[in-house]
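In: below is the sequence, then the predicted model.
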Amino acid sequence: MEDKFYDEIAQGYDSLHMAEQLQKMTMIIADMGADIPKKNEKLLDVGCGTGISTSVWNCDCTGIDPSEELIEIAQKKQPKKKFLVGQAEELPFPDKSFDVVICITAVHNFKDIKKGLMEMKRVCKDRLVISVLKRSQKLEEIEKLIIINFKIKKIIMEEKDLIFLCGLRQPPGTKHA
Ligand SMILES: C[S@@+](CC[C@H](N)C(=O)[O-])C[C@H]1O[C@@H](n2cnc3c(N)ncnc32)[C@H](O)[C@@H]1O
């Protein structure tokens, strides 16, 4: 994906994609059940775009995206949430700083998919939601990386995306509570 592609389509992004992205979010919330972030929990939205995927949560939300234009739109629409410009491959947060990390229809755009997923794992304390575009040529590679690195709780078959609801794998040798 061209570096400036999303900056160029920023003004029209919501009218093109709002309805389909909100439909994905509705399905995710319906399936998360008790895993939905509580009001006092912290959520990171990686590749948040204009903040559609950030908008549905009633908790402490941060969104990050490399497109300055999209981040400006997101911050204007949701002044109480935090938005910053940055890449999945180098998340500017300490280890385990978010209870929930989500990435909605964005992972196929990462320059280094493995590095981006490892960064999401590093900053996550508990749960992840990764929604992957089914028609992406990188679907198989992404699916393998998710299976190897995360504990999959549920897979949702959405019209355009495969949505993985995940937890963190217990490191080998860790005793269960
Ligand atoms: C289809 S949009 C999805 C945006 C948003 N999650 C939504 O549901 O509307 C894909 C997003 O991935 C972002 N993106 C591209 N490369 C990225 C990277 N290396 N790290 C994080 N996000 C990236 C784009 O800027 C774009 O906002």
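Out: Done, it's in. Residues are numbered from 1 along each chain as shown.
In: average pLDDT for the longest strand seen in the chain?
Out: Criterion DSSP state E: the longest strand present in the chain is strand 124-133. The predicted model gives strand 124-133 an average pLDDT of 98.
In: next, the angle from the next helix or strand after it to strand 124-133.
Out: Heading C-terminal from strand 124-133, the first helix or strand you meet, by DSSP states H and E, is helix 139-149. Angle, helix 139-149 to strand 124-133, by axes from the mean of the first three to the mean of the last three C-alpha atoms, to 10 degrees: 160 degrees.
In: list the contacts of helix 139-149.
Out: Outside helix 139-149, the residues that touch it by C-beta atoms under 8 Å, 6 or more residues apart in numbering are 107-108, 113-114, 117-118, 121, 130, 132-133, 136, 152, 162, 164, 166, 169. Where you see a C-beta, it was placed from the backbone N, CA and C, and this is true even at glycine.
In: if we use 10 Å, what do you get?
Out: With C-beta atoms under 10 Å, 6 or more residues apart in numbering as the test, helix 139-149 has contacts from 107-108, 110, 113-114, 116-118, 120-121, 128, 130, 132-133, 136, 138, 152, 155, 161-162, 164, 166, 168-169.
In: tilt between the next helix or strand after that helix and strand 124-133?
Out: Later in the chain than helix 139-149, the nearest helix or strand by DSSP H and E is strand 150-157. In terms of direction (the same axes, to 10 degrees), strand 150-157 departs from strand 124-133 by 40 degrees.
In: in its sheet, what does strand 150-157 sit against?
Out: Strand 150-157 pairs in its sheet with strand 161-168 (antiparallel), by DSSP bridges.
In: just the buried positions in the longest helix seen in the chain, please.
Out: In the chain, assigned by DSSP state H, the helix with the most residues is helix 5-32. Under the neighbour-count criterion of 16 or more other C-beta atoms under 10 Å, helix 5-32 has Tyr6, Ala10, Tyr13, Asp14, Gln21, Lys24, Met25, Met27, Ile28, Asp31, Met32 buried.
In: so the second one touches Leu70, yeah?
Out: I take that to be Ala10. Yes - with contact defined as C-beta atoms under 10 Å, Ala10 and Leu70 form a contacting pair (5.1 Å).
In: OK, contacts around the residue nearest the centre of the chain?
Out: Nearest to the mean C-alpha position of the chain, by C-alpha atoms, centre = their mean, lies Cys103 at 1.3 Å. Residues counted as contacts of Cys103 (C-beta under 10 Å, 6+ apart) are 44-48, 53, 88, 110, 116-117, 120, 128-132, 164.
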